[in-house]
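[1] need a structure here:
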Amino acid sequence: MLNIHIKDDFFNITNIDKTSIPKIYSIYRNSDDFKYATGFFQSVEYEKFAYNISQFIQRDNIFFLDVRLNSGETIGLIKGAIIDKDNLAWINSLIIDTPYQRKGYGIRVVELLQEYLKRICLTKTIYLSVYKNNMSGISFWTKCGFYDCKGLPNKDDVNFNQTVQIMCKLL
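    Predicted coordinates:
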């Protein structure tokens, strides 16, 4: 897992640790609100959740970040991967817990991550996928400057599910 630490006046965004797992698990358990962002459309048992995290974080090119207010309270998470050879990043999930939504926190977290990826990782493009019927997700990512990129460059052979919209942003 990549070692990422981003801090500003409001947020401390850093790699997940043992203290963040219970809060992140509670977010994942709220599958009705976050099913599109997590990919879980029903409740998941803690053991399976912990196993999936342990497998994910063993990869060298990934990030799984705990989004905390500077007070220490976890309010969300963001996870993804960096592909150095292509100077691109993928955001797999961004979740801001329900009580903290519509306060500009999600947009600021994306801005901070983009700045970090551009400055430290030399990322030039960020990709993500959104379920087409997740209109609030598409709206959010559009506000963050992402646009429908109709697939991936040089990947004409990749057949994306008709329910997924690929979005990207040049940095």
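[2] Which parts of the chain are strands?
    All strands of the chain, identified by DSSP state E, fall at 5-7, 11-15, 62-69, 74-83, 88-96, 125-131, 147-148, 164-170.
[3] TSV please, covering those and showing mean pLDDT and distance to Arg102.
    The way it works is simple: take the backbone N, C-alpha and C, and place the C-beta from them, glycine included. Shown next, in TSV, are the strands of the chain (pLDDT from 0 to 100; distance: least, C-beta to C-beta, whole Å):
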stretch	mean pLDDT	distance to Arg102
strand 5-7	96	22
strand 11-15	96	17
strand 62-69	94	15
strand 74-83	92	13
strand 88-96	92	9
strand 125-131	91	18
strand 147-148	94	22
strand 164-170	91	20
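[4] Compare those and give me the one nearest Glu115.
    Among the strands of the chain, strand 5-7 comes nearest to Glu115, with 8.0 Å by C-beta to C-beta.
[5] which residues touch Trp141?
    Neighbour list for Trp141: Leu128, Val130, Met167 [criterion: C-beta atoms under 8 Å, 6 or more residues apart in numbering].
[6] now those residues in JSON lines, with neighbour count and distance to Ile57?
    As requested, these are exported to JSON lines (neighbours: other C-beta atoms under 10 Å; distance: C-beta to C-beta, whole Å):
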{"residue": "Leu128", "neighbour count": "22", "distance to Ile57": "19"}
{"residue": "Val130", "neighbour count": "23", "distance to Ile57": "24"}
{"residue": "Met167", "neighbour count": "22", "distance to Ile57": "25"}
